[in-house]
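Asks: only geometry, no sequence info:
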């Protein structure tokens, strides 16, 4: 009798597992109207798009639905229970499931060119905050940088939060993932790229003194700790952003934005007659 009861319990548990909703891989989600719309515009291969049932006639998603139909991407209208499995509050009732992010190798990234002028890369030395990484990707795309390089460990990858913070920029900007940032820096130096580290130390050049009108890799350190010693040693030189007030440092994404736009400014000033 006991064995029969155990067999019944095992069958019951198997049935419960079959009925249980399949877990979502949060790294493969793109969420929010703007992020999903940008992914469609960039030609990303989305597996499915899930919309809240109450948005079926919403004018805000008409363009998104038209693009999905044109691309033959399945659209499913979901009840609240589906979105309760999504841990991101800002999903707006719009969630897409994408294939794993298509990282490039370092060599593939270096072989690509977005323009005929000097190239700009951003290297992130173990940034773990996905909002910072997303903001940096967004700014890098805005200045038409040639790519972002991330370490494969102890760093935020291109996950759902990064894609949301990047507001679609991750679908347009080449991004490479490497096993070791310092090793990648050595390869880049052999390719003629100057590596410029953001550092607040007194030995760093003032940003206005730095010549950025060349192939450069801007190296941004981790939140709180900055550049690691090994990465700092691999930099050709260090630059510091002027701090005239009482605040001693800037957020990593803000520092990256300042360096990227100073690089763009220097190049465009030299192009003027």
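Replies: Sure thing, it's come through. All values reported here derive from a predicted model rather than from experimental measurement.
Asks: bridging residues for the closest residue to residue 145 other than its chain neighbours?
Replies: Closest residue in space to residue 145, ignoring its immediate chain neighbours: residue 120 at 4.4 Å, by CB to CB, 6 or more residues apart in numbering. From N, CA and C alone the C-beta is placed, and that goes for glycine too. For residue 120, the beta-bridge partners are residue 216 (DSSP bridges).
Asks: per-residue confidence at residue 120?
Replies: Note on residue 120: pLDDT of 96.
Asks: In this structure it contacts residue 213, no?
Replies: No. The criterion here is CB atoms under 8 Å, and residue 120 misses it with residue 213 at 10.5 Å.
Asks: how about the helices in the protein?
Replies: 2-19, 33-41, 62-71, 80-83, 106-111, 130-142, 160-166, 181-190, 229-234, 252-271 (DSSP state H).
Asks: And the residue nearest to residue 145, how far from residue 77?
Replies: Distance, residue 120 to residue 77, using CB to CB, to the nearest Å: 43 Å.
Asks: Counting neighbours, go ahead and name the busier of these two.
Replies: Taking neighbours as other CB atoms under 10 Å, residue 120 and residue 77 compare with residue 120 leading, 25 against 14.
Asks: OK, contacts around the more buried one?
Replies: 140, 143, 145-146, 215-218, 260, 263 (CB atoms under 8 Å, 6 or more residues apart in numbering).
Asks: Now for the residue nearest to residue 78 when sequence neighbours are not counted, how many residues are close by?
Replies: Closest residue in space to residue 78, ignoring its immediate chain neighbours: residue 50 at 4.9 Å, by CB to CB, 6+ apart. Residues near residue 50, counting by other CB under 10 Å, number 22.
Asks: which intervals of this protein have sub-threshold pLDDT?
Replies: Along the chain, the model assigns pLDDT under 70 to residues 1-27, 87-89, 157-161, 163-168, 248, 270-273.
Asks: Following the record's annotation, map out the domains of it.
Replies: Structural domains annotated on the chain: 21-97, 106-271, as defined by automatic domain parsing.
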